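*Asks:* pasting the sequence and the predicted coordinates here, then a few questions.
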Amino acid sequence: MSAVSLSSASNAAPEYQYNYSYVAPLAMAQGVPSDQKPTLEWWGQAIAQVLHIAHNRLLWVHEQAQRDGKDVPATPALNVDLSHLGVGSLDLTHLDKLPAPSSLGQKLRDGLSAVGEAARLAEQVAGLAEKAFRGELGSIFDVFKTLLESLVVKPKGRPGSMQDYFNLFTTLPLPTAAHTYEDDATFAWMRVAGFNPLVLKRARSDGDTLGLSDAALGAVLGEGDSVGQALRDGRLYLADYKALARVVNGNFPDGPKYMFAPRALFGLPRGSGVRQLKPLGIRCGQDPAGYPLYTPADGEAWQQAKTVVSVADVTHHEMVSHLGHTHLLVEPFVVATHRRLPDEHPVSVLLRPHFEGTLYINNAAQAKLIAPGGDVDMLLGGTIQSNRAVTVASLLDDPDYDFTQGMLPRALELRGVVDPDLDYPYREDARLVWGAIEQWVRAYVGVHYPDNAAVAGDAALQAWAAELVAQDGGRVKGFGEDGVAGKLTTVEYLVQALTMLLFTGSAQHAAVNFAQAGVMTFVPLAPGAAYRAAPPTRADAALNPGLDPYPPLDMAAEQLDFLTLLGSLHHSKLGDYPLLHFKDPRVHGPLKAFQAELERIGGVIEQRNATRYEPYPYLVPSLIPQSINI
């Protein structure tokens, strides 16, 4: 344990205690303190989003009946009976007349005036939001289940064609990449601008080339090119899902499911200037002896191998990049900040708006989402126990990741993905946002800590750092100048650490969270699980083409609904702090500069998106919340 005893702090907030069993042995909060529960505004947005999901499902029921040749009224019935919740039957016909979910909370506080035809629906939404705010309806995931379970008719069975997956989208937006889900260009684009653009790394050895032949590489990157030359040039990149090798295949709730630990090789063509990745080869597992190498010349086997990678990418995204490296990385900082830093402490003042809602959503997630029988158990290919083990290992056992190594500039360098010739939208946009946050943090810290001695001499700050790394504290791996004992004695490391916290809780989470609704709702782009094993041979793949690997329609609909909820709730905005939050007038100038820089970055990204293969909207600053609150 570190030098400061956790039991000796007189200012430790009694509501903030650690729990090491929820996602053992990671540190989480024992419960959700009263000041960490969602606002009425948040609940208004969340319930409105659930109703949009229900509206999509009800319209699907109507359209499916028409497709089946049933005699149905021309006007669909769009009613949700919530009489058991005391709000009656909701007619969703005029759902589009409600205020936008992002502004509904404010409208609720203002009395929902001037909503026209949607007046009754608005009153009912307000009633639901009030009940939820008072804790009468359980967590947001309880509300989600309650509303969706009120819809009697649901998709079920195996798809008859790929169109069945498209048909699930009636009013909810279909991801723009859905129509090109089979294209190699889209498959490669997902590695640099998809829901999990964090796995790709530069190939550094012959083993990283997967045994690809010069002929196979030349067929994609151009005649005369070779594996050796591309490797020496730094033009080969690998997406390696070895972290998933420990995952055990699951069977809940629809029978046998499959998870994989594939390796996928990509390359840049010869030339100069920014170029797009091209996929070159895939092994569907880690052992070359057990998994043949498939290339784009292999037809059906290649298509199925790409699906194997997509399945792995979904689990890696949800359990590592999303849950582990944003939600659970930030959680112990929330607890330690409330326990060790007084409200008026400058670091506390800066951080607390970036912690809003995090303990609540994390507590709900561990109790509902990643519990046995929860949505994650249903949707992902592995057992929930083995998936949770992947999350824990990503924070405690991965030699390539810890708090300091996870800082964006260092993480990009470690993965070897800094070549400007590589078209990598996540990297380019993330650098802009990281730079703006770092500039703001540096100015803020400079106001309060003029030199290293001021950092080292701040007793509260030292107690905070010590608790973060302590075994009976936050158990944060890699925090501090020494990466072990939480050493915090320089202005520079304090700036980098606070930048990491603000970036992770805002931009990094936005990048992996909102792509859930923007990409992952369309199952063929991002299957949560495979329902057939990886193709052992080309002949086997040819005998079993088509839809076999993809989830059944009930799981596809669940994935659409669940990820729409998680990926559509934008509450708060990066850089918008509460009025008069910063009492020190020396901070006001740097804050205005930060806000202006975020606005400028938004314009830059908008220009970039106009010429990209697909727009990458997830790091537009106006769409980045201040904190992890969903």
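*Replies:* Arrived safely.

*Asks:* most distant residue from the centre of this structure?
*Replies:* Taking Cα atoms, centre = their mean as the measure, the residue most remote from the mean C-alpha position of the chain is residue 71, 42.1 Å away.

*Asks:* mind checking the SS state of that residue?
*Replies:* coil (DSSP: H, G, I helix; E, B strand; the rest coil).

*Asks:* the chain: strands as residue ranges?
*Replies:* Counting by DSSP state E, the chain has these strands, from start to end: 18-19, 28-29, 79-81, 89-91, 201-202, 236-240, 263-267, 278-283, 293-294.

*Asks:* other SSEs contacting the second one?
*Replies:* Under the contact criterion of 3 or more Cβ pairs under 8 Å, 6 or more residues apart in numbering; DSSP states H and E, the helices and strands touching strand 28-29 comprise strand 18-19, helix 329-340, helix 358-364. Quick note: C-beta positions are derived from backbone N, CA and C, even for glycine.

*Asks:* per-domain residue ranges of the chain.
*Replies:* 6-14+317-517+575-623, 40-149, 179-310+522-560 (automatic domain parsing).

*Asks:* out of these, nearest to residue 173?
*Replies:* domain 6-14+317-517+575-623 (7.8 Å; Cβ to Cβ).

*Asks:* residue contacts, residue 16?
*Replies:* With contacts defined as Cβ atoms under 8 Å, 6 or more residues apart in numbering, the neighbours of residue 16 are 29-30, 33, 335, 338-339.

*Asks:* quick revisit: could you say which of the helices and strands packed on strand 28-29 is packed most deeply?
*Replies:* helix 329-340 (a mean of 25; mean count of other Cβ atoms under 10 Å).

*Asks:* which residues sit against that helix?
*Replies:* Contacts for helix 329-340 (Cβ under 8 Å, 6+ apart): 9, 11-13, 15-18, 26-29, 33, 36, 347-348, 351-352, 355, 358-359, 362, 395, 403, 406, 460, 463-464, 467-468, 473-476, 501, 504-505, 628.

*Asks:* chain center to that helix: distance?
*Replies:* 21 Å (Cα atoms, centre = their mean, to the nearest Å).

*Asks:* and stretch 445-463, by the same measure?
*Replies:* Per Cα atoms, centre = their mean, the centroid offset for stretch 445-463 relative to its chain is 33 Å.

*Asks:* equivalent analysis for stretch 578-585, please.
*Replies:* The answer for stretch 578-585 is 31 Å, by Cα atoms, centre = their mean.

*Asks:* list the contacts of the nearest residue to residue 594 once chain neighbours are set aside.
*Replies:* Spatial nearest neighbour of residue 594, excluding adjacent residues (Cβ to Cβ, 6 or more residues apart in numbering): residue 440 at 3.8 Å. With contact taken as Cβ under 8 Å, 6+ apart, residue 440 is in contact with 575, 590-591, 593-594, 597.

*Asks:* pLDDT value on the residue farthest from the centre of the chain, please?
*Replies:* Residue 71 is assigned 89 on the pLDDT scale.

*Asks:* now the one 10 residues further on
*Replies:* On the pLDDT scale, residue 81 is placed at 90.

*Asks:* look up how far residue 77 lies from the nearest residue to it once chain neighbours are set aside.
*Replies:* Closest residue to residue 81 apart from its sequence neighbours, by Cβ to Cβ, 6+ apart: residue 89 at 4.8 Å. Between residue 89 and residue 77 the computed distance is 10 Å (Cβ to Cβ, to the nearest Å).

*Asks:* dump the residue contacts of residue 629.
*Replies:* By Cβ under 8 Å, 6+ apart, the residues touching residue 629 are 38, 42, 356-358, 360-361, 569, 571-572.

*Asks:* sounds good, over and out.
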